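[1] how would this look folded up:
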Amino acid sequence: MKQIGLNAEECVQLLQAYVDEIDEILCLFDKQTSRLLPQKKDEVRTLVKNLKSCLKTDFQLRDTKSGKAQMTTVERNFLSHTINQVHAQLTIKTNSIPDATWVDNLLYNQNTLSDSLIGLKEFLNKNSE
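    Next up, the predicted model:
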């Protein structure tokens, strides 16, 4: 998949992929206690590290003069700001112990991504009528 110059459907897919990725991480935590089984600690750390790396790459691609010039209007209006925001707000230290603060941070950022995804889908539906 191309990284920049995404059309509307590709923006939807990228946002959905990030939502799903966070959901995959959250599923490893107990929903009642926000605790993690000790044997899942390394897996969660790796998943969060990969998520942060992908967000950083997407952020850096769009945070250059040439990146900004290559972005589509939909990408600029719906994707770029969200990627920048989540990149900045995903403050989990991957060498810390996974706990409820991880869950809170992941949920907050998943909500940010979901809100942008909903807004983009509503925009696309409104403009397709």
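[2] in the protein, which residue is most central in space?
    Centroid check for the chain by C-alpha atoms, centre = their mean gives Tyr18 as the closest residue, at 3.9 Å.
[3] the closest residue to that one other than its chain neighbours: neighbour count?
    Closest residue to Tyr18 apart from its sequence neighbours, by C-beta to C-beta, 6 or more residues apart in numbering: Leu113 at 5.1 Å. The C-beta positions use only the backbone N, C-alpha and C, and glycine is treated the same way. For Leu113, the tally of surrounding residues (other C-beta atoms under 10 Å) stands at 23.
[4] part of a strand, is Leu113?
    No: using DSSP: H, G, I helix; E, B strand; the rest coil, the assignment for Leu113 is helix, not a strand.
[5] residues touching it, list them.
    Leu15, Tyr18, Val19, Ile22, Thr82, Val86 (C-beta atoms under 8 Å, 6 or more residues apart in numbering).
[6] look up how far Cys11 lies from it.
    12 Å (C-beta to C-beta, to the nearest Å).
[7] and if you look at Leu124?
    9 Å.
[8] what of Phe123?
    Relative to Cys11, and taking C-beta to C-beta, Phe123 is found at 10 Å.
[9] common neighbours of these two, please.
    With C-beta under 8 Å, 6+ apart as the test, Phe123 and Cys11 both reach Val74, Phe78.
[10] more neighbours: which of the two?
    Between Phe123 and Cys11, Cys11 has the larger neighbour count (other C-beta under 10 Å), namely 24 against 14.
[11] please identify the helix or strand for that one.
    helix 8-26 (DSSP states H and E).
[12] mind listing what's buried in that helix?
    The neighbour-count check on helix 8-26 (16 or more other C-beta atoms under 10 Å) flags Ala8, Glu10, Cys11, Val12, Leu14, Leu15, Tyr18, Val19, Glu21, Ile22, Ile25, Leu26 as buried.
[13] surely the fifth one and Leu79 touch.
    Spelled out, that is Leu14. Yes: under the criterion of C-beta atoms under 8 Å, Leu14 makes contact with Leu79 at 6.6 Å.
[14] anything in contact with each of those two?
    Common neighbours of Leu14 and Leu79 (C-beta under 8 Å, 6+ apart) are Leu6.
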